[in-house]
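In: from the sequence below, what's the structure:
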Amino acid sequence: MGGIIIGPSVLVGLKLICQFQFSLSSGWHFLLFLAGLEVELERLKGRLLTYVALAFLVSLGLALLAGYGFYAAGQVVSPLLIAIILVATALGIVVPILKDAGVSDTDFGQLVIAGAMFAEFGSIILLSLFFSREATSTGEN
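Out: The predicted structure follows:
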């Protein structure tokens, strides 16, 4: 009976969903790879990298302040998740815009790309830590 209910149509749909998820994931990886090609690490050493890291920490602090403000107002359940969402950057939009404007090779363009990459990776790491904390607090493993 279960085979009739599930049938090949459900299994084909499940296979398409898995293929779609893989294509989304591989597109995301390719986008991050292309953005990484745009950054010249020689320009980002020393003080400039410190500025980018400090700017990310300041923006994270402001996002936490906003998240906890929404939490105090009763608008959200998880202020940390709101802060992570606010810190996330659209790296896939930033890099093509800078390339089209012809400023991706300048010091300003490199600074913006480095800041966007730092924010993107930082938000991904924070999001993975958030969900691993949520999974352990609910008893899931």
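In: tell me the buried residues in stretch 112-128?
Out: Neighbour counts using 16 or more other Cβ atoms under 10 Å place 112-120, 122-123, 126-127 of stretch 112-128 among the buried residues. In this view, the C-beta of every residue, glycine as well, is placed from N, C-alpha and C.
In: pick the one among those residues closest to L86.
Out: S123 (9.0 Å; Cβ to Cβ).
In: ok, that closest one to E42 distance?
Out: 26 Å (Cβ to Cβ, to the nearest Å).
In: can you tell me which two in the buried residues of stretch 112-128 are farthest apart?
Out: V112 and L127 (22.1 Å).
In: which residue packs closest to L60, ignoring adjacent ones?
Out: Counting by Cβ to Cβ, 6 or more residues apart in numbering, the nearest residue to L60 once its immediate chain neighbours are dropped is V87, at 5.4 Å.
In: now do the same contact list for that neighbour.
Out: When contacts are counted by Cβ atoms under 8 Å, 6 or more residues apart in numbering, V87 touches 56, 59-60, 63, 119, 122-123, 126.
In: would you mind giving these as a markdown table with secondary structure, pLDDT and distance to G69 added?
Out: Listed next are these as a markdown table, based on DSSP: H, G, I helix; E, B strand; the rest coil; pLDDT from 0 to 100; distance: Cβ to Cβ, whole Å:
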| residue | secondary structure | pLDDT | distance to G69 |
| --- | --- | --- | --- |
| F56 | helix | 89 | 20 |
| S59 | helix | 92 | 15 |
| L60 | helix | 92 | 15 |
| A63 | helix | 94 | 10 |
| A119 | helix | 86 | 21 |
| G122 | helix | 83 | 21 |
| S123 | helix | 84 | 19 |
| L126 | helix | 85 | 19 |
